[in-house]
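> Give me the fold of what follows.
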Amino acid sequence: MSLYAIGDFHLSFTVNKPMDVFDKRWKNHVAKIEKHWKRKVTENDTVVITGDHSWGRDLAECQADLDFIMALPGRKILLRGNHDMFWDAKKTENLNEMFRGKLEFLQNNFYTYEEKLIYRYLCGKRIGRKELSKIPVLHKFYKYHEWYDYIEEKYGNCSLEGLIEFWHFLNQKSRNVKPKYEYWTLFIPVGLTLIVNEIFDLTPKFSDIKINCLSDKIIAFVVYMIVVAVFAKIVMMIMQPLFDQNVDSCFYEDYKAIIDDLIEKKKKSSE
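Here you go, the predicted structure:
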């Protein structure tokens, strides 16, 4: 897992704005970007693209340029450049919704560099093998004080004003965390009850089956357990997003608590 930064792509797939008119070094610059990017960056890496992504004047004109960026390996976080006319700074969240899971637009917000993943590991949550490989060995924390020291070291040199501003931002993020299926919570208990009733109605009762030997009893029991296991798996799939959302809320609250401590330390040191 590596972190890279690059900028000034000035892509122009749908507008007539070739970059080699400025200097011969720009000739075939798109092919060069793609070649070296794919040689260096893997799907587990993060790349911050620091602005001037496209010459397009609106989203329609720069769609092909963004498609090119999306097709490149790794996680892409985009900053807004002075030539990015398609990007209204007040509507950054609209872009993030539109390109969710493909591109991340950074303007008046922030992104964690695998920190939520590190936090999930600290909390003992189940993490897939691919995601687990993204966590550096040094950041596989088992104790809360290790996580605390990591955040404190990261933001320890920030100014008091910067920490206060960051705290308010984290507070807003925490407030905005809502269950992905908040309306479902009203119907889940009723729905699960109906499903359970249906399963037990459809599952043959042992007393209704003429069982002549031990093997028949074993087969009937295995079938019954398979039905129960499938049902349990479905329930977990439905409920998992709710559990994940709770982890996000705790992540921001714990982050706020550490930043709050740093603010108090800064205030005391300045007295």
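
> so who does the closest residue in space to Ile164 that isn't next to it in sequence touch?
Leaving aside its sequence neighbours, Ile164 sits nearest to Ile263 (C-beta to C-beta, 6 or more residues apart in numbering; 6.1 Å). In this view, the C-beta of every residue, glycine as well, is placed from N, C-alpha and C. If you count contacts by C-beta atoms under 8 Å, 6 or more residues apart in numbering, Ile263 has them with Leu160, Leu163, Ile164, Trp167.

> mind checking which helix or strand of this protein has the lowest mean pLDDT?
In the chain, the helix or strand scored least confidently by mean pLDDT, DSSP states H and E is helix 188-202, which has a mean of 61.

> before we move on, the earlier item: let me know the pLDDT of the residue nearest to Ile164.
With respect to pLDDT, Ile263 scores 93.

> Let the chain start at 16 from now.
Done: numbering now begins at 16, and the last item shifts to Ile278.

> Doesn't it belong to a helix?
Yes - counting by DSSP: H, G, I helix; E, B strand; the rest coil, Ile278 is located in a helix.

> any idea how far it is from Met85?
Ile278 sits 39 Å away from Met85, taking C-beta to C-beta, to the nearest Å as the criterion.

> before we move on, what about Leu185?
Distance, Leu185 to Met85, by C-beta to C-beta: 29 Å.

> Looking at the two, which has the bigger crowd around it?
A count of neighbours by other C-beta atoms under 10 Å puts Leu185 above the other of Leu185 and Met85, at 21 against 12.

> Give me the residues contacting the strand or helix carrying the more buried one.
Using DSSP states H and E, Leu185 sits in helix 175-191. If you take C-beta under 8 Å, 6+ apart as the criterion, helix 175-191 is touched by 125, 170, 173, 264, 267-268, 270-271, 274-275, 277-278, 281-282, 285.

> can you rerun that using 6 Å?
Contacts with helix 175-191, where a contact means C-beta atoms under 6 Å, 6 or more residues apart in numbering, come from Tyr267, Glu268, Tyr270, Lys271, Ile274, Leu277, Ile278, Lys281.
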